[in-house]
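[1] give the three-dimensional model of this entry:
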Amino acid sequence: MARYTGPKTKISRIFGEPILGNSKSLSKNSNPPGQHGAARKRKSLGEYALQLREKQKAKYTYGVLERQFRKTFEEAARLKGVTGENLIKLLEARLDNTVYRMGLTASRPEARQLVSHKHVTVNGEVVNIPSYQLKPGDIVGYAPKSVNSSSVLSKVRGKNPKFNWVDWNETEKKGTFISYPERESVPENIKEQLIVELYSK
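    Down below sits the predicted model:
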């Protein structure tokens, strides 16, 4: 299963924000990576570089590699509505991202691992595909073998109430993907229109 396994802080320093989760070292050193760091004279980025940078940020944020990201974009382009907003909705509807949004893990990589290790069910069936696309009304829960596992439950951080497109019932250990989120509800700092412009070239 392909995924990014390189240094997280380096990626965060490229974009100047903790896109792969909280990083203590980012607060200590927010300079771009490289031998000369902030002392290196950098030219202002051109149009293509800005568009590419935004695509890379979205890929790293949601843990998607190039081929899968392009397929997701093509699907977003086929849907009715604004392509950029559709792209964010499809990325948010991934099973690993939804597990993260429900507060079952502290990060998306942890959520991806939880799904791939068969700890998660969708509508009662075990699903181990992190990119699985949820539909509104789908029920997400723990697999029977995991519902009482201390190692699995120890990852729970609790759902952020501002994520109103997902719900989690702590008593029943089940949650619902209520609907696709509106763009303004998604807090990620991604300029999706630049991604649309990049793929439209």
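
[2] mind checking pLDDT for the residue nearest in space to the middle of the chain?
    With distances taken as Cα atoms, centre = their mean, the residue of the chain nearest its centroid is residue 62 (2.7 Å). As predicted, residue 62 sits at a pLDDT of 94.

[3] show me where the protein has strands.
    120-122, 125-126, 139-142, 166-169, 174-177 (DSSP state E).

[4] out of those, which gets nearest to residue 199?
    strand 174-177 (26.4 Å; Cβ to Cβ). Placement of C-beta: from N, CA and C, glycine included.

[5] the helix ranked longest in the chain: which residues count as buried?
    Criterion DSSP state H: the longest helix present in the chain is helix 47-62. Residues of helix 47-62 classed as buried: 51, 53, 54, 55, 56, 57, 58, 59, 60, 61, 62 (neighbour count, 16 or more other Cβ atoms under 10 Å).

[6] ditto for stretch 171-190
    174, 175, 176, 177, 180, 181, 183, 186, 190.

[7] out of those, which comes closest to residue 66?
    The closest of those, once distances to residue 66 are taken by Cβ to Cβ, is residue 190, at 16.3 Å.

[8] gap between that closest one and residue 174?
    30 Å (Cβ to Cβ, to the nearest Å).

[9] can you list the domains in the chain?
    Using automatic domain parsing, the domains assigned to the chain come out as 8-90+188-199, 103-179.

[10] save those domains as JSON lines, and put in distance to residue 96 too.
    Below are those laid out as JSON lines (distance: least, Cβ to Cβ, whole Å):
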{"stretch": "domain 8-90+188-199", "distance to residue 96": "7"}
{"stretch": "domain 103-179", "distance to residue 96": "4"}
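
[11] rewinding a little: could the strands of the chain be laid out in a markdown table, adding distance to residue 94 and mean pLDDT?
    Conversion of the strands of the chain to a markdown table gives the following (distance: least, Cβ to Cβ, whole Å; pLDDT from 0 to 100):
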| stretch | distance to residue 94 | mean pLDDT |
| --- | --- | --- |
| strand 120-122 | 12 | 98 |
| strand 125-126 | 17 | 97 |
| strand 139-142 | 12 | 98 |
| strand 166-169 | 12 | 96 |
| strand 174-177 | 10 | 97 |
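
[12] understood, closing this out.
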